[in-house]
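Trainee: Test case, fold it:
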Amino acid sequence: MTLTTSAESILERARRDVEDGLVPAEIFNDRGIYERELGRIFTRCWVFVGHESELPDPGDYRLRRIGEDSFIFLRGDDGVIRVLLNSCRHRGSTICRLEVGNTATFRCPYHAWTYDNRGELVGVPSRTTAYRQLDLAEWGLVPAPKVDRYHGLVFACLDPDGPALEAYLGRFRWYLDMQLAATEGGMEVLGEPHRWRVPADWKSGAENFTGDSSHTQMTHRSILTLGLADEATAGRVGGANGVHVNDLDGHAISLRLLAGTGEAFLGYPRELWPAIENGPLAPGQIDLLRRGLVHDGTVFPNFSFIHFGGVIDSGRPASGFLSMRVWQPLGPGEMEVWSWMLAPREASAEYKELAYRAGMTTFSPSGHFEQDDTIVWSGIARSARSTFVRKQGIRFNYQMGMAGMADTAPMPDWPGPGRAWPSNAGESGLRAFHHRWLEQMVGP
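Mentor: Below is the predicted model:
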């Protein structure tokens with residue numbers, strides 16, 4: 001049986017250790033920590049729900065989760081996108097049981113209370129005989145207190161007193177703009193999101209995408225050996241093409257760039273390059289896209305993306321794609337990964353098909369990179385629940401690239417916000433993630 005340690009004790013050690021680049025192992029598989037995360041993080045932070053292109057028509061809906069709570073993500077007949085708790089106001093039964101569809105109404109299977117696709121209660125059996133004074137307007141489905149969009153991304157916040165979405169994203173918006181608004185048309189989702197369970201903690205995925213560049217040459221060595229991705233794209237440790245950026249209001253990003261005046265544009269077809277160069281972005285953003293091989297980042301807490309170029313797929317031309325993912329918590333040491341593939345709206349149908357195939361080849365349940373990552377993350381969760389690990393108070397090391405460990409200094413001429421570190425040999429983004437995590441867990 002696993003030795004029990006209180007969440008308060010774990011967090012007290014985290015307070016002492018995080019500044020030194022150390023993290024208590026138990027946070028990756030502890031019931032008390034997990035339940036505190038649900039209350040302190042997933043009910044207070046802005047959480048990604050979906051992309052507006054997934055709801056093209058009035059009445060379209062999809063089921064999504066915030067923490068462990070089920071919500072209906074839908075577009076009403078009035079065209080407004082809403083996020084509604086998937087729970088009947090009568091007795092609380094699940095009102096919608098299909099993952100995706102189009103409907104004018106939702107009818108509870110228990111007592112047939114009926115709601116329209118705006119969430120308003122429109123039908124109650126026996127109303128004239130048993131509910132004469134029931135005010136239907138007071139008994140609609142409960143909406144998420146805050147719902148907002150950013151370049152097509154739909155986020156919800158369950159805290160009515162939380163900040164506005166743009167304030168929450170803060171300086172990280174400069175980097176999101178590069179991923180989502182490089183062309184006038186923006187991005188659109190290709191196909192359905194993939195979902196699969198992994199016996200690992202949600203934080204393992206979220207922290208990795210802030211800039212764990214050093215694992216690529218180790219965990220994904222077979223991919224490089226087989227020639228399915230080149231060394232520059234994968235991010236050679238210590239190479240001149242790696243940049244980690246943090247101090248971005250709790251979010252972080254890693255970029256792999258061609259040196260000098262090279263052109264890559266994240267693997268997008270050449271016919272799109274003029275649209276990016278003449279698009280809405282600032283010169284510094286366009287330059288980072290021009291030299292971009294890979295961009296990956298995390299919006300705290302559990303929304304990540306990887307903009308990946310240079311995929312080699314059965315002799316087809318290299319193609320870039322944007323993969324967005326949510327590390328959905330399911331319990332201590334357990335998560336479900338949701339992964340969307342996107343491409344620019346202006347791209348041809350042929351290129352979108354190529355991009356989708358490239359995404360499936362790499363970042364999907366059967367993708368080269370994904371299978372490698374989920375295996376090692378599962379090992380973290382196993383260690384974190386170990387009785388011996390807890391008894392010894394073992395801490396994980398996040399000190400790579402810290403002062404005294406490396407000679408690297410922040411780049412003085414970086415064109416964007418935050419602090420940029422000119423090396424893949426660092427874990428500054430991961431430390432930034434855990435600083436933000438600790439603030440949420442112990443703050444007021």
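Trainee: going forward, measure contacts between C-alpha atoms and count neighbours the same way
Mentor: Fine.
Trainee: contacting residues for the nearest residue to T361 once chain neighbours are set aside?
Mentor: Closest residue to T361 apart from its sequence neighbours, by Cα to Cα, 6 or more residues apart in numbering: G367 at 4.7 Å. For G367, the contacting residues are G359, M360, T361, by Cα atoms under 8 Å, 6 or more residues apart in numbering.
Trainee: The residue lying closest to R385 once chain neighbours are set aside and E68, how far apart?
Mentor: Spatial nearest neighbour of R385, chain neighbours left out: N29 (5.5 Å); criterion: Cα to Cα, 6+ apart. According to Cα to Cα, to the nearest Å, N29 and E68 sit 16 Å apart.
Trainee: neighbour count winner among these two?
Mentor: Between N29 and E68, counting by other Cα atoms under 10 Å, N29 is the more crowded of the two (23 against 13).
Trainee: what's near enough to touch that one?
Mentor: Residues counted as contacts of N29 (Cα under 8 Å, 6+ apart) are D201, P332, G333, A381, R382, A384, R385.
Trainee: where's the fourth one, which helix or strand?
Mentor: With the criterion set as DSSP states H and E, the secondary-structure element containing A381 is helix 368-384.
Trainee: Rounded mean pLDDT for that helix, please.
Mentor: Helix 368-384 comes out with an average pLDDT of 86.
Trainee: In this protein, which strand is the longest?
Mentor: What stands out as the longest strand in the chain, according to DSSP state E, is strand 316-331.
Trainee: Dump the helix or strand S254 falls within to PDB, restricted to CA.
Mentor: S254 is part of strand 251-257, with elements assigned from DSSP H and E. C-alpha atoms of strand 251-257 as PDB (Å, rounded to 0.1, in the frame of the first residue of the first chain):
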ATOM      1  CA  HIS A 251       2.800  30.400 -19.900                       C
ATOM      2  CA  ALA A 252       5.900  29.400 -21.900                       C
ATOM      3  CA  ILE A 253       7.100  28.500 -25.400                       C
ATOM      4  CA  SER A 254      10.000  26.800 -27.200                       C
ATOM      5  CA  LEU A 255      11.100  27.700 -30.700                       C
ATOM      6  CA  ARG A 256      13.500  25.900 -33.100                       C
ATOM      7  CA  LEU A 257      14.700  28.300 -35.700                       C
END
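Trainee: looking just at contacts, which helices and strands does that strand meet?
Mentor: In terms of contacts (3 or more Cα pairs under 8 Å, 6 or more residues apart in numbering; DSSP states H and E), strand 251-257 is packed against strand 242-248, strand 292-299, helix 428-442.
Trainee: wait, which of those is closest to A264?
Mentor: Among the helices and strands packed on strand 251-257, the nearest to A264 by Cα to Cα is strand 292-299 (5.7 Å).
Trainee: in its sheet, what does that closest one sit against?
Mentor: Using DSSP bridges, the neighbouring strands of strand 292-299 in the sheet come out as strand 251-257 (antiparallel), strand 303-313 (antiparallel).
Trainee: By mean pLDDT, show me the worst of the ones you listed.
Mentor: Lowest mean pLDDT within these: strand 303-313, at a mean of 78.
Trainee: Point out where the chain drops to low pLDDT.
Mentor: Along the chain, the model assigns pLDDT under 70 to residues 1-5, 218-240, 310-318.
Trainee: Could you chop it up by domain?
Mentor: 46-157, 170-442 (automatic domain parsing).
Trainee: hang on, the earlier thing: would you mark the buried spots in the helix holding A381?
Mentor: Going by neighbour count (16 or more other Cα atoms under 10 Å), the buried part of helix 368-384 is 368-374, 377-378, 380-381, 383-384.
Trainee: what would those look like in TSV with distance to G123?
Mentor: Shown next, in TSV, are the buried residues of helix 368-384 (distance: Cα to Cα, whole Å):
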residue	distance to G123
H368	50
F369	49
E370	46
Q371	48
D372	51
D373	49
T374	46
W377	48
S378	47
I380	50
A381	47
S383	52
A384	50
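Trainee: which one of those residues is nearest W340?
Mentor: E370 (13.4 Å).
Trainee: Roughly how far does the closest one sit from E353?
Mentor: According to Cα to Cα, E370 and E353 sit 20 Å apart.
Trainee: now the closest residue to R31 other than its chain neighbours: how far from L38?
Mentor: Distances taken as Cα to Cα, 6+ apart put P332 closest to R31, at 5.5 Å, once the chain neighbours are dropped. Note on P332: its distance to L38, by Cα to Cα, is 11 Å.
Trainee: Among the two, which residue is more densely surrounded?
Mentor: P332 (23 against 18).
Trainee: Next up, phi/psi of the more buried one, please.
Mentor: phi -60, psi 120 (degrees, to the nearest 10).
Trainee: quick one: it and E37 touch, right?
Mentor: No - the criterion here is Cα atoms under 8 Å, and P332 misses it with E37 at 10.3 Å.
Trainee: At the geometric centre of the protein, which residue do we find?
Mentor: For the chain, the residue nearest the mean C-alpha position is F303 (1.5 Å; Cα atoms, centre = their mean).
Trainee: So that residue versus W196, what's the distance?
Mentor: For F303, the distance to W196 (Cα to Cα) stands at 16 Å.
Trainee: can you pull out the helices in the stretch 151-300 of the chain?
Mentor: Under the criterion DSSP state H, counting those that start in this stretch, helices of the stretch 151-300 of the chain are mapped to 165-169, 173-180, 202-208, 216-219, 221-225, 231-234, 273-277, 283-290.
Trainee: Surely A409 touches W421?
Mentor: Yes - using Cα under 8 Å, A409 makes contact with W421 at a distance of 6.6 Å.
Trainee: what about these two, which has more around it?
Mentor: The neighbour comparison of A409 against W421 (other Cα under 10 Å) goes to W421, with 24 against 14.
Trainee: what is the more buried one paired to in the beta sheet?
Mentor: Using DSSP bridges, the bridge partners assigned to W421 are H244.
Trainee: Kindly provide the distance from it to G401.
Mentor: Distance, W421 to G401, by Cα to Cα: 9 Å.
Trainee: Between the two, which contacts overlap?
Mentor: Shared contacts of W421 and G401, defined by Cα under 8 Å, 6+ apart, comprise T408.
Trainee: residues contacting the closest residue to P344 other than its chain neighbours?
Mentor: Leaving aside its sequence neighbours, P344 sits nearest to M187 (Cα to Cα, 6+ apart; 4.4 Å). Counting by Cα under 8 Å, 6+ apart, M187 makes contact with G152, L180, A181, L342, A343, P344, R345.
Trainee: what's the answer for E184, then?
Mentor: Counting by Cα under 8 Å, 6+ apart, E184 touches A275, G279, P280.
Trainee: and of those residues, the nearest to R395?
Mentor: Checking these against R395 with Cα to Cα, the nearest one is P280 at 45.1 Å.
Trainee: Is that closest one in contact with M178, as I believe?
Mentor: No - using Cα under 8 Å, P280 is not in contact with M178; the gap is 9.7 Å.
Trainee: If you count surrounding residues, which of these two has more?
Mentor: M178 (21 against 16).
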